[in-house]
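Colleague: Model the structure of this input:
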Amino acid sequence: MEASLAIGMTTRQAMQRIILPQAVRIALPSLMNYFIDMIKATSLAFTLGVTEIMAQAQMEASSSFKFFEAYLAVALIYWAIVVALTRVQYWAEAHLNKAYQR
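Modeller: Residues are numbered from 1 along each chain as shown. Here you go, the predicted model:
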């Protein structure tokens, strides 16, 4: 007999109530860090010809000759995205760790 069935839970209930919450709590920091790194690396895609925010800034800057303003705006947008994701990560970690704090 399976261990989860011995205590009166089905496999699905054990997965929902015990296994997945622990797995999410353990995996969340590294997954969020990876996601934030991907956001930061999107400007590298520009070097491969992908049109994204950095490409738009360069096109705007080349037409108006306001390179500093365009790149500053891009930097602020990236900064805001990363700060927001970092705060979401801290909130999620704190929320998931409540049960393990004394």
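Colleague: can you pull the contacts of Gln101?
Modeller: Applying C-beta atoms under 8 Å, 6 or more residues apart in numbering to Gln101 gives no contacts. Using the backbone N, CA and C atoms, a C-beta is placed for each residue, glycine as well.
Colleague: Okay, buried residues for the helix or strand containing Ala57 please.
Modeller: Ala57 is part of helix 53-64 when elements are defined by DSSP states H and E. Buried residues in helix 53-64, counting neighbours by 16 or more other C-beta atoms under 10 Å, are found at Met54, Ala55, Ala57, Gln58, Ala61.
Colleague: Test my guess that the third one contacts Glu69.
Modeller: Yep, that's Ala57 we're talking about. No - counting by C-beta atoms under 8 Å, Ala57 sits too far from Glu69 to count as a contact (9.2 Å).
Colleague: Tell me the pLDDT of Asp37.
Modeller: Per-residue confidence at Asp37 stands at 84 (pLDDT).
Colleague: And Phe67, by the same measure?
Modeller: pLDDT at Phe67 comes out at 90.
Colleague: what's around it, how many residues?
Modeller: 13 (other C-beta atoms under 10 Å).
Colleague: Pull the contacting residues for it.
Modeller: Contact analysis of Phe67 by C-beta under 8 Å, 6+ apart lists Ala61.
Colleague: ok, how many other residues are close to Met15?
Modeller: If we define neighbours as other C-beta under 10 Å, then Met15 has 14 of them.
Colleague: which outside residues touch the helix holding Ala57?
Modeller: Against helix 53-64 from outside (C-beta under 8 Å, 6+ apart): Thr42, Ser43, Phe46, Lys66, Phe67, Glu69, Ala70, Tyr71, Ala73, Val74, Ile77, Tyr78.
Colleague: Alright, I will stop here.
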